[in-house]
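Student: take a look and give me a structure for this.
(one chain, ligands or ions: 1)
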Amino acid sequence: MVENEKACPNCGEIVIKTARFCPRCGQVYPPIEQVELTLKVEELEQTVHQKRESSDRMTRLAEQSRTSSVWAFVLFAVVFFIIILVKHVTGPVFILICCMAVAAIILLFRSSALERKAYGKLSFFRREQQLQRKQLEDELAAAEEALSELRQQLDQFSGGQGG
Ligand SMILES: [Zn+2]
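Tutor: Numbering: from 1, shown residues only. All right, here's what the predicted structure looks like:
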């Protein structure tokens, strides 16, 4: 099949791309602009879907990261107070605070790993994270807008043909 040819979706006959109907089976084709517009709409739908998914993913990971770091903070605080209150930390209490400290460190590492997954890097500045998320949401909004515009054009095509 050459570039300006296409296969009839009904019977498989090779016809020129701009043909309005099939010479073999009589199938009427939508105008080429409509076909191209449909393809563009599908492509953009894919993009919007991907951007929405990564935005959701980013939000989810950021929330998990925050929960992790809050728990790490709580554990560190408890360890600190036990050390302050109990003058001579020995035996089971010592083992307990060691476990808590280890857990807190693990949670901190988990939190930074989640954050790196969400934003592609580790950032201690909330503002930077917000900017990155906002950028993604702007891209998503722009893609959605372009999509609805294309859909309208496509509707006009179908409407114009029918009426
Ligand atoms: Zn045909």
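Student: where does this structure have its least confident helix or strand?
Tutor: helix 126-162 (a mean of 85; mean pLDDT, DSSP states H and E).
Student: kindly report the residues of this protein close to the ion.
Tutor: Cys8, Asn10, Cys11, Glu13, Cys22, Arg24, Cys25, Gln27 (Cβ under 5 Å from the ion). Quick note: C-beta positions are derived from backbone N, CA and C, even for glycine.
Student: got a PyMOL select line for the buried ones in these?
Tutor: Provided next is the PyMOL selection string for whichever of those are buried by 16 or more other Cβ atoms under 10 Å:
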select buried, resi 8+22
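Student: so can I have a markdown table of the residues of the chain next to the ion showing distance to Phe94?
Tutor: Output for these, formatted as a markdown table (distance: Cβ to Cβ, whole Å):
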| residue | distance to Phe94 |
| --- | --- |
| Cys8 | 81 |
| Asn10 | 81 |
| Cys11 | 83 |
| Glu13 | 84 |
| Cys22 | 85 |
| Arg24 | 88 |
| Cys25 | 86 |
| Gln27 | 83 |
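Student: tell me which helix or strand the residue nearest the centre of the chain sits in.
Tutor: For the chain, Ser54 is the residue whose C-alpha lies nearest the centre (Cα atoms, centre = their mean; 1.4 Å). If you go by DSSP states H and E, Ser54 is part of helix 32-85.
Student: quick one: mean pLDDT for the very next helix or strand once past that helix?
Tutor: Sequence order places helix 91-119 as the next helix or strand after helix 32-85, per DSSP H and E. Confidence for helix 91-119, expressed as mean pLDDT, is 91.
Student: list the helices and strands helix 91-119 packs on?
Tutor: Counting contacts by 3 or more Cβ pairs under 8 Å, 6 or more residues apart in numbering; DSSP states H and E, helix 91-119 packs against helix 32-85, helix 126-162.
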